[in-house]
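In: What would the 3D arrangement of this be:
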Amino acid sequence: DFKSAKLKELDFYARTQQWPKIIEACKGKVTNLLYMNYLNMALAREGVLGDQMFAFDQREPRSLMVNWNKTAEVSALLSDVYFAIGDIASAQEMAFEGNVAVHGYGSPRMLMRLVQTNLIYGAYPVAEKYIYLLEHTFFYDKWAASHRKFLGNDALIEQDPLLGSMRRCLPDTSRLVALNGALADLETVAVANPQHKAAFQYLAGVCLLSKDLAKFKELIDKYHGTPVLPSLPVPYQEAVIAFAERDTAYWRTRGVTQEVVRRFSDYKRQVVANRNYPNAADLLAGSYGKTYWYFYMFK
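Out: The predicted structure follows:
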């Protein structure tokens, strides 16, 4: 199916964790939200989503996370996205859905995710069940056997770079997924493990793409200067100016640099000079198309 070739390419890169190849493949104009999901996940995995998000053709909040449509493909994608964020409960839920939706007798890829999530939760008998199934496959037996050492070994899991980091993302108390909304889940992960930056980057990204600057301001006021958000990436600084344009003293409290201030002055001057020009967006795109100001005003 030629129409799905690009999606399969991005999915292959995601499965094999070739994040730079996803980023390279999504340069330029991108209209497919599934492609954007892979791109933003790759940026988060590379630790640069907060810094480089608007260097790409972002569209809307679904650029970060598409709506679930009960298909195996989207379930697998969302499981990957949630896992990258550190939302282990949602990653596990989507792995279940992807496993039952796939054609045939289940998805080894999703069984691998179920091994990971149950090890993270410390549900060792459940993890062992999936390890056993994978050990009896042709292509996944070695991977499964390599994870048997984690069974019942909390110390080894906590020392593991991946499983340990994801375990630290778990909330302190058990609760229903999305009980207080998806944004609350992201904030919970960000607070539980400030070193795992993807959760806050997705949280801030949802606010910026939905142009909910009131909520974004709440997050900045609450977390700036804390381990969750020690300093503001340039797009966040641009958003600060967008919601507090006249309060230059506030800019300084949030660490907005003089370079960002200077660039905003230039941008504003250009906007005013071309306000009656019908193709102002096209004119400004060359110099300012990768700023949050451009996204906020023209997209």
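
In: Compute the first-to-last residue distance for stretch 26-35.
Out: Taking CA to CA, to the nearest Å, stretch 26-35 runs 7 Å from one end to the other.

In: Return the set of buried residues in that stretch.
Out: For stretch 26-35, the buried set under the neighbour-count rule, 16 or more other CB atoms under 10 Å, comprises Cys26, Val30, Leu33, Leu34, Tyr35. All C-beta atoms are positioned from the backbone trio N, CA, C, and that covers glycine.

In: Rebuild these as JSON lines, extending it with secondary structure, distance to Arg262 and pLDDT.
Out: Formatted as JSON lines, these follow (DSSP: H, G, I helix; E, B strand; the rest coil; distance: CB to CB, whole Å; pLDDT from 0 to 100):
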{"residue": "Cys26", "secondary structure": "coil", "distance to Arg262": "30", "pLDDT": "94"}
{"residue": "Val30", "secondary structure": "coil", "distance to Arg262": "30", "pLDDT": "91"}
{"residue": "Leu33", "secondary structure": "helix", "distance to Arg262": "34", "pLDDT": "95"}
{"residue": "Leu34", "secondary structure": "helix", "distance to Arg262": "38", "pLDDT": "96"}
{"residue": "Tyr35", "secondary structure": "helix", "distance to Arg262": "34", "pLDDT": "96"}
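
In: Enumerate every residue touching His147.
Out: Applying CB atoms under 8 Å, 6 or more residues apart in numbering to His147 gives the contacts Val115, Gln116, Leu119, Ala127, Ile131.

In: For Ser4, see how far away it is.
Out: Distance, His147 to Ser4, by CB to CB, to the nearest Å: 31 Å.

In: Next, find the distance separating the spatially closest residue to Val191 that is not a sequence neighbour from Ala84.
Out: Leaving aside its chain neighbours, Val191 sits nearest to Val228 (6.3 Å; criterion: CB to CB, 6 or more residues apart in numbering). To Ala84, Val228 is 17 Å away according to CB to CB.

In: now do Asp57
Out: Taking CB to CB, one finds Asp57 at 20 Å from Ala84.

In: can you check Leu7 too?
Out: For Leu7 relative to Ala84 (CB to CB), the value is 18 Å.

In: The two: who's more crowded?
Out: Using other CB atoms under 10 Å as the criterion, Leu7 and Ala84 rank with Ala84 on top: 23 against 16.
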